[in-house]
Structure formats: structure tokens, C-alpha cells
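Give me coordinates for this.
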Amino acid sequence: MEILGLGLWMVLLFVGFGLLIGVLFGFFGMGGSFLVTPALLVMGYPTRVAVGSGLAFVFGTSVIATLKHRDMGQVDYKLGVLMIAGTTAGIEAGKEIVIHLESLGLAGSIISVTYVFLLGGIGAFVTYEAVRGDGGGGVDHDQADAEVDADDIPEIAKKIQSYRVPPMMSLRGGVSVSLWLILAVAFVTGLLSGFLGVGGGFIRMPALFYLIGVPVPIAVGTDLFEIVFSGGLGSFLYAMDGGVDISIVVPLLAGSAFGARIGSAATSIVDEDDIKVYFGLMLLGGALAVAVREIGTVTGIDALNTVSLVLILGSALVVSGAVVYSSVTALREESQSSAPA
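Take a look at the predicted model:
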């Protein structure tokens, strides 16, 4: 039996994978979607299809998440529009790089190596911060109109904001920063989005906070707003070149739509800091999976491709399970504390 040109088991696999990623996306406002492209690469899809289909999935999932953050007043539309302008140029540049590397037969390896270093570096940093017990930088999803506290602004952002290169832009939360900085951050993250086939949220959201100094809740909401456009534009550009496979995207979105609701509901009852270490380990798992796949490709050991796929799915499963488990635990503790003695 085939559905959308795929076997039934493959459709169920994509739906389940989309469910796991949807939980992560709804809970973190980012995260998880960057696992789609390496997973498709591991499964043997051409680089262009893996990147394009990953962007199409990111687009559909981000629409749902953005609507939720809009209702909470956590979207800076001025900043979002400026980010879109810079990201558009970056995505086109990233796409052209992928197409050029494909013609040289180097796209898959270079993208994989980039994933290893990028995900591994960010994963190591997040895990270190979580184990150290910093506790800072958590996303307060219930804060509708965050203002900047001078003590909460990272030192790097303070330094960058001190350079008053006109024109200066006033953003929500009382932030004032140079237009050129915003466009530079947007271009770089757009370049990575078009090159790696990700929404760029796991890079751009920290950049908005650590480099520009935007309050975390607004950074999350604005980032998702921008991903709607970058993901939509990126998937359209790749679709024009035949890089989007609907039979992949549809079952992924079917699972993600449900998973995102679970993740979003969890944000109101679970402290995000409690599972930050799992998020970091998930990134490390993704980096390890791509590294194992590359070793298998170089050495010709096909079994390593299967190991790589298991690592990717396992990373998403562990973190999604942690979110659900933490939610259930929090609900039980709440019910027990409110029960009459």
C-alpha cells in the first residue's frame, strides 16, 4: 500500500518524526526542525530535495507557532521585517552555493561537515550552560510585553549597542541598535538557512538575544515570524528547481501539527531550564549522527547509515519524551498540592 507515492511504513515514519519535532518546536519556539534535513540525507534523498523539503516543513510548522506568539504579544514586526530583508538575500546566496557545490559533487559532504561543527558547537555550549546551572536565558512564554533589564543584557550585546552607527532603530523592550547590525545578522542566518535547509531559529534566536540584546520572549516570537517568510521563500525557490518533495512534507506536517500543540501546552506548566541539558544533548546527537553518516560514506560501511538514522530519531525521541514526562510530572505535583489534606 502506498500513500503519496511512499510506502505505508515510510509515511508512518515521517508522521512520527514530524510529531516528535512538533513537540520540540512548540516547546522551544525553535529546535528540532534542523533535524529534518540531515535525516533525509541519511535516508538517501538528494541534497537539493533534503534541503528544499526541510525548508517547506519549517515553513508550515512556523506558521502555527507564530500565531500563538502573536496572541501573546511577543512579536516585534519592525524587527521582523528588517530581518526578512536581510534574510532574503542570504537565502538566495545559500541556495546558489548549494547548487554550485552539487555541480561539483561536494554538496552532501560539505553540508554534513557544516552540520557537525555547527550543531556540535551549539550543543556543547548549551549542555555546558545547563550542567553549570546558569539558569539564565530561559524563555518566559507567558511574558507578553518584556522590557529590558540592564542586568539581563549580555555583555556582547551591550558592547555592540554602544556602537552608534546610524541609522539607529528603536525596538520593542527599549532596545536601540544599528540597522546595519540587524541586516548583517539577518544575512548570515539567511545564508545558513538557504545552505543547510533549516529555518535558522536555533542560530538566529540566540543571535537576537546575545548580539542585539532583544528580550528572549520577543526574540523567540520575532524569530518565528521571520521563519514564516524565510521558510516560505526558501521552499519556493527550491520548489522552482524541483527540490521540494510533497510526499515527504505532507506526512511530516501532519505529525507536526499535533506535536506542536502538545509542546505549546507544555510551555505553561514546565520550566524550560529543567530540560535544557536534554536540548543540548539532542544537538550533540544530531552532530554525531551526521558525522557517523559521513564516516560510513567514506569507508563504504552501509551499516553506519542505519546507526546515523537511529541517532537522529533517538535524539528527537529523548527530548520530546522529556518534555512530555516533565509535563505529566508537573501536572501531578500541581494536583497533589491543590488536593485537600
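
Mind telling me what element A56 is part of?
Counting by DSSP states H and E, the element that carries A56 is helix 47-71.

Quick one: distance of that helix to the chain centre.
What separates the centre of helix 47-71 from the centre of its chain is 9 Å, taken as C-alpha atoms, centre = their mean, to the nearest Å.

Which positions within it qualify as buried?
Residues 47-66, 68-69 are the ones in helix 47-71 that count as buried (16 or more other C-beta atoms under 10 Å). Bear in mind the C-beta positions are built from the backbone N, C-alpha and C, glycine included.

next helix or strand past it?
helix 77-104.

Do a quick rundown of the helices in the chain.
With DSSP state H as the definition, the chain shows helices at residue ranges 8-28, 36-42, 47-71, 77-104, 107-132, 155-161, 179-196, 201-207, 216-240, 246-266, 276-299, 303-338.

want to throw those into TSV with distance to M169 and mean pLDDT?
As requested, these are exported to TSV (distance: least, C-beta to C-beta, whole Å; pLDDT from 0 to 100):
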stretch	distance to M169	mean pLDDT
helix 8-28	27	81
helix 36-42	32	77
helix 47-71	21	82
helix 77-104	7	85
helix 107-132	27	77
helix 155-161	11	77
helix 179-196	5	84
helix 201-207	16	73
helix 216-240	13	81
helix 246-266	30	83
helix 276-299	31	79
helix 303-338	35	81
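
I'd like to know which of the ones you listed lies nearest to M168.
Relative to M168, the nearest member of these by C-beta to C-beta is helix 179-196, separated by 7.3 Å.

which of the helices of the chain sits most buried?
Mean neighbour count (mean count of other C-beta atoms under 10 Å) peaks for helix 36-42 among the helices of the chain, with a mean of 28.

could you say what helices and strands that helix packs with?
Here helix 36-42 touches helix 8-28, helix 47-71, helix 107-132, helix 276-299, helix 303-338, going by 3 or more C-beta pairs under 8 Å, 6 or more residues apart in numbering; DSSP states H and E.

is it true that I182 touches G80?
No. Applying C-beta atoms under 8 Å as the test, I182 and G80 come out as separate, 10.4 Å apart.

Would you mind confirming that G314 makes contact with G285?
Yes. Applying C-beta under 8 Å, one finds G314 in contact with G285, separated by 6.6 Å.

got the angle between the helix holding A56 and helix 179-196?
130 degrees (axes from the mean of the first three to the mean of the last three C-alpha atoms, to 10 degrees).

Just list what helix 47-71 packs against, helices and strands only.
Contacts of helix 47-71 with other secondary structure elements, assessed using 3+ C-beta pairs under 8 Å, 6+ apart, are made with helix 8-28, helix 36-42, helix 77-104, helix 107-132, helix 179-196, helix 216-240, helix 246-266.

Specify the stretch among those helices that is closest to V277.
Checked against C-beta to C-beta, the stretch from the helices and strands packed on helix 47-71 lying closest is helix 107-132, at 3.8 Å.

So which elements touch the closest one?
Looks like helix 107-132 contacts helix 36-42, helix 47-71, helix 77-104, helix 179-196, helix 201-207, helix 276-299 (3+ C-beta pairs under 8 Å, 6+ apart).
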